Each structure stands twice: as structure tokens, then as C-alpha cells.
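[1] give the three-dimensional model of this entry:
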Amino acid sequence: MNRRITRWTTRIIYALSGLIVLGFIAYWAAFYMMAGKIIARTVADLTLRGYDITAHAQPGGFPVIPTLTGFVKLTTPDGMVSVSIPSLRLRGFFMPYTRLRIDAELGVYLTGPGTDAMWPTWRQMEKVHLSLDIPPSIHAGMNSVPIHNLDISVDQSRFIGNGLLQLDSAGQPAGMMNMRIVGIDHVIEQVRKDGTIDKQKAMMISTLMRGFEQPDPETGAMAVSVPLTLRDRWLYAGPIMLWQIPPVALGL
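    Residues are numbered from 1 along each chain as shown. Okay, the predicted model is just below:
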């Protein structure tokens, strides 16, 4: 009797294991087929909206978490800003209400006349890491997207934070990030050299920020935590107005 129960138990375990394996294989086969269609549809949609886009992605990550790796170059419809990401990795289950991890180990490059006023010094973000919550629909994502674990290294500075990005009523980027900045003095000095703010404002901001500096728990370097807000195309550090960002033709 005990042997019969053991045999049936073993058979059930094998059957369940087989179903799990078949389920994984079916899911991954569907993912591989779906990934190419999603990329082609996205490129076609952005092209119709006026973007100049080149993109390629290779699905992978079997058998744990679906992953897309590749590159993308995107120019806005007005030709003001081009974004180039030579090594992009998207990692997640690519379904609504799940979290997507984005990594750009080789950096993000910004070119075009629009960057002269926006980021004249930081046209190369050396490393970019962040996670975002996939909204229930594409249209919801265009209105509001929570951002988690943002980590950007630029020149001698590092930006770490969480927040919310969205589009305002004029279709321009807006939102708020709780940001921890390592190397705040270097950031302020670069902004001053770029002519974005004058020397007097740079000294005032530097003095104010220095009073909030604390050792960064990860690097030990001095860091300051500050809320960054983008509204009406103006970027604020706390209550301090830093600079105005040129309008971006998102075409959404």
C-alpha cells in the first residue's frame, strides 16, 4: 500500500513539474514572438508621430526574468534633441502593474541644438539605472509613471532618487524627484560655467546646500538630499528656481 502511494505521489510530482516546465516554455516562446512585434509597432508608431528612430533589441533572460538588450537612437520631431543609448537593457515581465528595470551601462548621449540650453556639460550620462512601474495602459503611462531606484552618474556627480514623472497640460515633462546628490558643489559649478545661473546665485545655492550635506551611506562622500521639481518647464531645487528647460516636442 505504501509503495503504491509513493508511486502515485512521485507521478503527481513529475506531472506537476512537467506542467511547470511546459508553462515556462510556452511563456518564453510567446515572449520571444511578442518582443519583435512590440518593437516594430513602437518604432512605427513613433515614426508616424514624427520621431526619427533606430532601434534593435534581442530577447533573452531564459528561464528567469524576460530581458531585452539592444540599442536605440531617437530624435524628437522638432530635431532639437537626439538621444542615443548604445547598450540598453530592459528587465521585467513586461505586463501592466509590474516593475521594469532599465539599465544603460555604456551611458546615454544627448546631442542636438536643444541640449545647448538644457545640458551643455552633461551630454553624456555615464551610467543610468532605474526602475519604473508599468502602467495599466500606454495612455496611462504617458500621463504618470512612478520612478524607483534612479541612479545616474554624470561626470564627477551622482544622482540617486525616486519620484514621479508625467506630462503637464501643455504636453511637457513635469514631475517631482526626491534626489540624493553626491558632488553637489561640482554640479553647481558646472551649471555656473554653462551660464545657466550667475555667480551670485551659484554661491547662494552652494552655501545653502552645504548646510544639508551628510555622508552618503553607499560611497561615504558628502551628499545632499533635495526635492527636485519640474513644472511649467522650470526646474526647482526645493523653493529655489534653477533654470528653464526648452519646450520639447514629444508628439504624444
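
[2] nearest residue to residue 57 other than its sequence neighbours?
    residue 70 (3.6 Å; CB to CB, 6 or more residues apart in numbering). The way it works is simple: take the backbone N, C-alpha and C, and place the C-beta from them, glycine included.

[3] list the beta-bridge partners for the one you found.
    residue 57, residue 88 (DSSP bridges).

[4] right, and it touches residue 58 too?
    Yes: with contact defined as CB atoms under 8 Å, residue 70 counts as touching residue 58 (5.7 Å).

[5] so between those two, which is more surrounded?
    residue 70 (16 against 11; other CB atoms under 10 Å).

[6] residues touching stretch 216-223, excluding its own?
    158, 160, 180, 181, 182, 183, 184, 213, 214, 215 (CB atoms under 8 Å, 6 or more residues apart in numbering).

[7] what's the distance between the fifth one and residue 38?
    Residue 182 sits 36 Å away from residue 38 when distances are taken as CB to CB, to the nearest Å.

[8] just want to know which of these two has more residues nearby.
    When residue 182 and residue 38 are compared for neighbours, residue 182 comes out ahead with 22 against 13, by other CB under 10 Å.

[9] check the gap between that one and residue 55 for me.
    Distance from residue 182 to residue 55, by CB to CB: 32 Å.

[10] contact partners for the residue nearest to residue 57?
    Residue 70 sits in contact with 55, 56, 57, 58, 88, where contact means CB under 8 Å, 6+ apart.

[11] what about the second one, how many neighbours?
    Taking other CB under 10 Å as the neighbour definition, residue 56 ends up with a count of 12.

[12] where along the chain do the strands fall?
    Along the chain, counting by DSSP state E, strands occupy 52-60, 67-75, 82-91, 99-104, 108-111, 124-125, 127-133, 144-154, 157-167, 173-182, 214-215, 222-231, 234-237, 240-244.

[13] mean pLDDT and distance to residue 43 added to the ones you listed, as TSV?
    Output for the strands of the chain, formatted as TSV (pLDDT from 0 to 100; distance: least, CB to CB, whole Å):
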stretch	mean pLDDT	distance to residue 43
strand 52-60	85	6
strand 67-75	90	9
strand 82-91	89	14
strand 99-104	88	18
strand 108-111	84	19
strand 124-125	72	23
strand 127-133	82	20
strand 144-154	83	20
strand 157-167	85	21
strand 173-182	87	22
strand 214-215	80	45
strand 222-231	86	28
strand 234-237	82	31
strand 240-244	71	32
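
[14] with distance to residue 188 as extra columns, can I get those in TSV?
    Listed next are the strands of the chain as TSV, based on distance: least, CB to CB, whole Å:
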stretch	distance to residue 188
strand 52-60	34
strand 67-75	30
strand 82-91	25
strand 99-104	25
strand 108-111	20
strand 124-125	18
strand 127-133	22
strand 144-154	13
strand 157-167	10
strand 173-182	10
strand 214-215	17
strand 222-231	10
strand 234-237	10
strand 240-244	9
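
[15] cool, thanks, talk later.
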